[in-house]
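*Asks:* Here is my input, please return the structure:
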Amino acid sequence: MKLKLIVLSSFAVLALMCFNVSASAQQAQGPDLYEQVQTETDRLQRVLELEDWQAFYVDSTLMHDFTAMMADYEKLQSSKVTNTSMYQAVQDKWMDQIDATYKRIFTEKQWAAYLKSGAGKLIKAREKRKAKAEGK
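*Replies:* Predicted coordinates:
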């Protein structure tokens with residue numbers, strides 16, 4: 001009887017340790033989507049000097065579009081797609097959508113600063129990939 005109790009206790013402790021390791025591994029993967037959106041919104045608000053209403057729209061846009069992009073990724077994964085260009089196309093589609101929304105939200109000065117901050121190069125790279133895909 002004591003041996004069974006010791007074995008069961010050992011298994012319970014082992015199970016708790018495995019659960020804690022699993023939880024730690026998930027946290028080590030990085031911040032969740034909400035934290036990433038908050039970080040990017042805060043960065044854009046600081047760098048572009050966004051008004052509160054603009055930051056609200058940026059946050060809403062990122063939450064919606066990132067969630068939709070992840071759903072598209074999951075569809076590809078569930079279909080066992082291994083072609084990385086298809087995943088890149090999904091990302092490009094949603095990043096184009098985000099930039100189109102940003103262009104409506106930002107003032108001309110903010111949009112120019114956004115493009116100078118590196119977004120311009122990313123937009124050109126997406127356009128280049130799109131032209132290459134259409135040329136095939």
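
*Asks:* the helices in the protein, which residues?
*Replies:* Assigned by DSSP state H, the helices in the chain fall at 2-28, 33-48, 52-78, 84-105, 108-114, 120-135.

*Asks:* Check those helices for me: which has the lowest mean pLDDT.
*Replies:* Ranked by mean pLDDT, the helices of the chain bottom out at helix 2-28, with a mean of 40.

*Asks:* Chain neighbours aside, what residue packs nearest to residue 110?
*Replies:* Nearest non-adjacent residue to residue 110, counting by CB to CB, 6 or more residues apart in numbering: residue 48, 4.6 Å away. Backbone N, C-alpha and C define where each C-beta goes, glycine included.

*Asks:* Same check on residue 59?
*Replies:* In space, residue 59 is closest to residue 41, 4.5 Å off (CB to CB, 6+ apart).

*Asks:* hang on, isn't that neighbour packed against residue 61?
*Replies:* No. Assessed by CB atoms under 8 Å, residue 41 is found out of contact with residue 61, at 9.3 Å.

*Asks:* for residue 80, phi and psi?
*Replies:* Dihedral pair for residue 80: phi 60, psi 30, per degrees, to the nearest 10.

*Asks:* how close does it get to residue 63?
*Replies:* Noted for residue 80: a distance of 28 Å to residue 63, by CB to CB, to the nearest Å.

*Asks:* ok, now residue 33?
*Replies:* As judged by CB to CB, residue 33 and residue 63 stand 8 Å apart.

*Asks:* So between these two, which is more surrounded?
*Replies:* Taking other CB atoms under 10 Å, residue 33 and residue 63 do not tie; residue 63 has more neighbours (16 against 13).

*Asks:* Correct me if wrong: the more buried one contacts residue 38.
*Replies:* No. With contacts counted by CB under 8 Å, residue 63 stays clear of residue 38, the gap being 9.6 Å.

*Asks:* count of neighbours near residue 127?
*Replies:* Residue neighbour count, defined by other CB under 10 Å, stands at 12 for residue 127.

*Asks:* quick one: it from residue 135, how far?
*Replies:* In this structure, residue 127 and residue 135 are 12 Å apart, going by CB to CB.

*Asks:* now residue 117
*Replies:* 30 Å.
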